[in-house]
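Peer 1: From the sequence below, what's the structure:
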Amino acid sequence: MSENNQAQYEDLSAPTSSADDNEVRHASSNDVFEDRRAKMNALFGFKPWSVRISKPAVEKPPLDTSEGTIRTLGNILWIPFFGWWISLVYFVVALLLYATVICAPYGRLCWRLASYYIWPFGKYIVEKSSQYNPNPGSQNQQLRPYNGPNNAANIAGYIIYLLFAIPILMPVQLWALFVTWMGIVSIPMAKVNLEVFRMIFRRPLHIEIEADYRGAQRHHVILCTHQAFSTSYFSYRIWGMNVAIVNFFPIIVIAVIESYVMPEQYSLPPVAKFFVDLVCSVPIKFYIGMGISSISAQTNYMVGALLSATFGSITELILYGAAIRAGGLEKMVTYAVTGSILCDLLLLPGLSMIVGGFKFKDQKFNSVAAGVGSIMLFISVVGSFTPTIFYHNYGGYYQHCRECEIFPTNNTINVIPGNVTESKLHHELLCSGCVFLQLRFDEDPMYVDAARKLIYFVAGVMPVAYIIGLLFTFRTHSHIFDGANKDKNDGDAEFADEADATVPAWSIPFSCMLMLVATLLYALIAENVVSELKPTIHALNIKQEYMGLTLIALVPAVTEIINAIKFALSGQITLSLQTGSSSAVQIALIQMPVLVFMSLIANHGRTAGSFVLIFPIITVFVVLAAVLTFNYIAAEGRTNYFKGTALISIYLITIFAFYFVPNQDPFKDRLAPVAPPMEGVASPFAPPTTP
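Peer 2: Model (predicted):
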C-alpha cells in the first residue's frame, strides 16, 4: 500500500486520543496551560483539578497490551452480542433489494455488509478508485474516486434504496453505534458502525470489502479493525474528557426527558429515579470543574477564584435550595452540610493516604502552605458554630414529662409577714420520664431577639473572611505558595514531562456554554431528587437526617474524591489535602451563608423549613474533632497509610453514631403532659403559646 493511501487508512482497534497516566504530574515547561493549572492547584480559593486542560501537540495512542487469547475471545463474543443480528438485518434487506431487480447493486452491497458484520476482523472497507499507480515515486499517485454508473436506472434504484432500505438500516446502525460506544471497550466497533453509517448514505455503490491487504491496496482504504474490544479505551479521551464522563451526558438528558416528558405510568419507580438522578450529579460536577479550570487557565487567577466560589458549589446549592423551597426537608439539608464537611476532612484525605500508601511508603508536603488552609478551617468552625453554642447556652427550654399524677396534700407553711403558721390544702405533681426540650425558635424570645441577629451577622461576615483569604493568597503573601506543588517522596518517583501543548482542550465560549447547560440540567434534576426524596426515605426506612449525612453528601463529592486519589497516586499529597480543606472551607464560608439568606427569602424569616446556623451538639463535637485531626496531620508535613486508616476510622465511628440520634424535631408541636393542669392554673410543663 502506498504511503498516501496508508496515511488515510485508520486502524480502529486502538484509540487515537488517550488520557495520559501522568495527567496530574508536572507539566512540561512549554505547556503554559498545564503550568497555570499546576499553579492554581496550589492556591487558596481553587479546588485542585487533576485532569489535563490542554490538548497534546502529538497524540500517542497507547499500545494495546491484550494477549492473543483475550483478543480472540473478544472477537468471538462479538458474534452473539452484535454480529448475528446486524448481519441478519442486512441479509433481509439484501433479499428485498434483489427482489426489485433495479436495486440489485444495492442488494449486493447489503449482502457484502452482512458477511462483513459476522466477522469484520482483518477485513478492509475500501472506496473503489478508477486509477491506482503502485509506484511510490509516480507523480500520478493521488487516488481518483470511482464515479460508478450514472443513468436513469441507477438513479431510480438509489431513490428506492433511500426510501425503503435506509429506514430499516438506519435505526439498526444507530442502535449498534450507541450500544458499542456506551460499552467503552467496544468503541472500535462503534467507529466501524459510524463509518459504515456514513458510507451507506454517501455513494454506497463505491464501497467494497476486501479480505486481504493485496486486494485492498488497489483502492482507497477507509478503515480496518482487528479486534472488537479493547481495554485501552478506558483511558480514551474525547473533547478533553475521559470517554466514561462523556457517555454520561446522554444519560443525563434521558433522565431529564424521562422525568418531564414521559407519562407517569411509563416512568421508573421513585426509588430508582432518585438514585439515577443523584448519580447524574457526578458528571455534572466534572463538567463544571473542567470548565472552571479551563477558563481560569485562559484568563487570570482572580476570575478563576470567583468562578470557583460561585460555580464550585452550584450543584449543592441548587439541590439544597430546592429542598428548602419544598419544605419539611430542612434537617436533611443541615445534616447534608455536616456530612459534606466530614467527607472532606476525614473520608477524602483518608482514602487518599491509604491509596497513596500502596505506592509510596511516606509522602511529604509543604506544611507552611497547608497551614493557610488550617487557619481558614478554624475560622469556618468558629463562624459556623458560634450561634449554636450561644443558643444552646442561653436559649429557652421547657420540661416535658411522659406521665404525671396529681396528689392533694395538707402541709403547714409559714405566711410572711408575721411568721404566721397556716395549714392549707394544695396539690403536688409526681412526674416521670421528664426531659428538657428547647422551645420552638420562633416562640423563644432569646432566639428572636438575639440568636437570629447573630446568625445573620455571622452569615454576612463569613464570606468576607473568604475574600480576605483570597487577597492573602493572590496579593500579599503569594510567595508562600510558590513551591507548594513541589512534593518530595520517599518513593523517589520520577515523572516524565508531558508532550508540549499550547491549545486548551476547551475554549472559553465552549466552557461557558457547557457550564450553563450543565447547571440548567442539574436544576431540573434537583427538582426530581427532592420530589423523590420522601418516597425513597419511606421505602428505605431511614431518617431524612441520615439520608442527608450519607447519600446526599457523598455522591456529589465523588469528583473531589477521585481527584484527591489521583493526586496521591502521583505523589502530590499536598493537593489531596488541599482538595478536602478547600471544599470544606467553601461549604462553611460560602454555602452556609447562602443557604441562610436563601431560607430568609424563601420562608420570609420563619425558621420552620429554613436552614439556620444552629446544629445539634454532637455535630459541633464531630466537626471540631475532624478539624483538629486534619490540622494535626497537615502540621506534621508527612502522611502514610496508617494516618489515612485513622481518619477513615474516625469517619466511620461518627457516621455510625449519627445513626442512633433520636428524631427530635424542634419545629413540630411537643406532646402535652398526660395529666391535665389544674383548672385556672397554667401548666409549667407545656411550651408557651403564641398569643
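
Peer 1: I'd say Tyr233 and Trp181 touch.
Peer 2: No - using CB atoms under 8 Å, Tyr233 is not in contact with Trp181, being 9.8 Å away. Backbone N, C-alpha and C define where each C-beta goes, glycine included.

Peer 1: Go ahead and confirm Asp564 touches Gly350.
Peer 2: Slight slip there: residue 564 is Ala, not Asp. No - applying CB under 8 Å as the test, Ala564 and Gly350 come out as separate, 9.9 Å apart.

Peer 1: Looking at those two now, which is surrounded by more residues?
Peer 2: Set side by side, Ala564 and Gly350 show more neighbours around Ala564, with 33 against 28, by other CB atoms under 10 Å.

Peer 1: Could you look up the SS state of that one?
Peer 2: helix (DSSP: H, G, I helix; E, B strand; the rest coil).

Peer 1: list the contacts for it?
Peer 2: By CB atoms under 8 Å, 6 or more residues apart in numbering, the contact list for Ala564 reads Pro48, Leu348, Pro349, Leu351, Ser352, Leu575, Ser576, Thr579, Gly580.

Peer 1: Can you give me the pLDDT of Arg452?
Peer 2: Per-residue confidence (pLDDT) for Arg452: 90.

Peer 1: what do you get for Ala14?
Peer 2: Looking at Ala14, its pLDDT stands at 51.

Peer 1: Tell me how far the top helix by length along the chain lies from the chain's centre.
Peer 2: For the chain, the helix with the greatest residue count under DSSP state H is helix 508-540. Distance of helix 508-540 from its chain centroid, counting by CA atoms, centre = their mean, to the nearest Å, is 11 Å.

Peer 1: Repeat that for stretch 642-650.
Peer 2: With CA atoms, centre = their mean, you get 24 Å for stretch 642-650.

Peer 1: Please identify the buried residues of that stretch?
Peer 2: Lys643, Gly644, Leu647, Ile648, Ile650 (16 or more other CB atoms under 10 Å).

Peer 1: TSV please, covering those residues and showing secondary structure, distance to Met513 and pLDDT.
Peer 2: Below are the buried residues of stretch 642-650 laid out as TSV (DSSP: H, G, I helix; E, B strand; the rest coil; distance: CB to CB, whole Å; pLDDT from 0 to 100):
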residue	secondary structure	distance to Met513	pLDDT
Lys643	helix	42	89
Gly644	helix	39	91
Leu647	helix	39	92
Ile648	helix	39	94
Ile650	helix	42	93
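
Peer 1: Specify which member of those is nearest to Val256.
Peer 2: Ile648 (35.6 Å; CB to CB).

Peer 1: pretty sure the closest one contacts Ser352?
Peer 2: No - with contact defined as CB under 8 Å, Ile648 does not reach Ser352; the gap is 10.6 Å.

Peer 1: how long is stretch 72-83 end to end?
Peer 2: Using CA to CA, to the nearest Å, the end-to-end distance of stretch 72-83 comes out at 15 Å.

Peer 1: Report the buried residues of that stretch.
Peer 2: Going by neighbour count (16+ other CB under 10 Å), the buried part of stretch 72-83 is Gly74, Asn75, Trp78, Phe82, Gly83.

Peer 1: what are the ranges of the helices in the stretch 251-400 of the chain?
Peer 2: Here the stretch 251-400 of the chain has its helices, by DSSP state H, counting those that start in this stretch, at 270-279, 281-298, 301-311, 314-326, 330-342, 348-357, 367-394.

Peer 1: Quick one: residues in contact with stretch 169-179.
Peer 2: Outside stretch 169-179, the residues that reach it (CB under 8 Å, 6+ apart) are 82, 86, 89-90, 93, 110, 186, 189-190, 193-194, 196-197, 200.

Peer 1: go with 7 Å
Peer 2: Where contact means CB atoms under 7 Å, 6 or more residues apart in numbering, the residues beyond stretch 169-179 that reach it are Phe82, Ile86, Val89, Val93, Ala190, Asn193, Leu194, Val196, Phe197, Ile200.

Peer 1: ok, for Cys89, nearest residue in space, not its chain neighbours?
Peer 2: Residue 89: Val, not Cys. Excluding the flanking residues, the one nearest Val89 by CB to CB, 6 or more residues apart in numbering is Val172, at 4.8 Å.

Peer 1: Give me the buried stretch members for the helix or strand that that neighbour is a member of, please.
Peer 2: If you go by DSSP states H and E, Val172 is part of helix 166-182. Within helix 166-182, the residues scored as buried using 16+ other CB under 10 Å are Ile166, Leu169, Val172, Gln173, Ala176, Leu177, Thr180, Trp181, Met182.

Peer 1: how much space is there between His528 and Pro535?
Peer 2: Check again: residue 528 is Asn, not His. To Pro535, Asn528 is 12 Å away according to CB to CB, to the nearest Å.

Peer 1: Of these two, which one has the most company?
Peer 2: Applying other CB under 10 Å to Asn528 and Pro535 shows that Asn528 carries more neighbours, namely 22 against 14.

Peer 1: sorry, back to before: mind putting the helices of the stretch 251-400 of the chain in JSON lines, distance to Gln227 included?
Peer 2: Formatted as JSON lines, the helices of the stretch 251-400 of the chain follow (distance: least, CB to CB, whole Å):
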{"stretch": "helix 270-279", "distance to Gln227": "31"}
{"stretch": "helix 281-298", "distance to Gln227": "28"}
{"stretch": "helix 301-311", "distance to Gln227": "41"}
{"stretch": "helix 314-326", "distance to Gln227": "39"}
{"stretch": "helix 330-342", "distance to Gln227": "43"}
{"stretch": "helix 348-357", "distance to Gln227": "31"}
{"stretch": "helix 367-394", "distance to Gln227": "47"}
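
Peer 1: Nearest to Asn603 among these would be which one?
Peer 2: Using CB to CB, the helices of the stretch 251-400 of the chain put helix 314-326 closest to Asn603, at 7.5 Å.

Peer 1: What does the pLDDT read for the closest residue to Cys343 other than its chain neighbours?
Peer 2: Nearest in space to Cys343, with sequence neighbours left out and distances taken as CB to CB, 6+ apart, is Ala557 at 5.0 Å. Per-residue confidence (pLDDT) for Ala557: 88.

Peer 1: What number of residues are in the vicinity of Ala557?
Peer 2: When counting by other CB under 10 Å, one arrives at 22 neighbours for Ala557.

Peer 1: Run a quick check on it versus Gly339, I expect a contact.
Peer 2: No - contact criterion CB atoms under 7 Å: Ala557 and Gly339 do not qualify, at 8.9 Å.

Peer 1: follow-up on the earlier one: out of the contacts of stretch 169-179, flag the one nearest to Met592.
Peer 2: Ala190 (45.2 Å).

Peer 1: tell me the contacts of that closest one?
Peer 2: Leu177, Thr180, Trp181.

Peer 1: Could you find the closest non-adjacent residue to the last one?
Peer 2: Pointing back at Trp181 there. Per CB to CB, 6+ apart, closest to Trp181 is Ala190, 3.9 Å.

Peer 1: Can I take it that the one you found is in a strand?
Peer 2: No - Ala190 is assigned helix when assessed by three-state DSSP, not a strand.

Peer 1: and the gap between it and Trp175?
Peer 2: To Trp175, Ala190 is 11 Å away according to CB to CB.

Peer 1: Then Arg440?
Peer 2: Using CB to CB, one gets 58 Å for the distance from Arg440 to Trp175.

Peer 1: Tell me the predicted confidence for the most centrally placed residue in the chain.
Peer 2: Nearest to the mean C-alpha position of the chain, counting by CA atoms, centre = their mean, stands Val282 at 1.8 Å. At Val282, the model reports a pLDDT of 88.

Peer 1: what do you get for the one 3 residues further on?
Peer 2: According to the predicted model, the pLDDT of Lys285 comes to 88.
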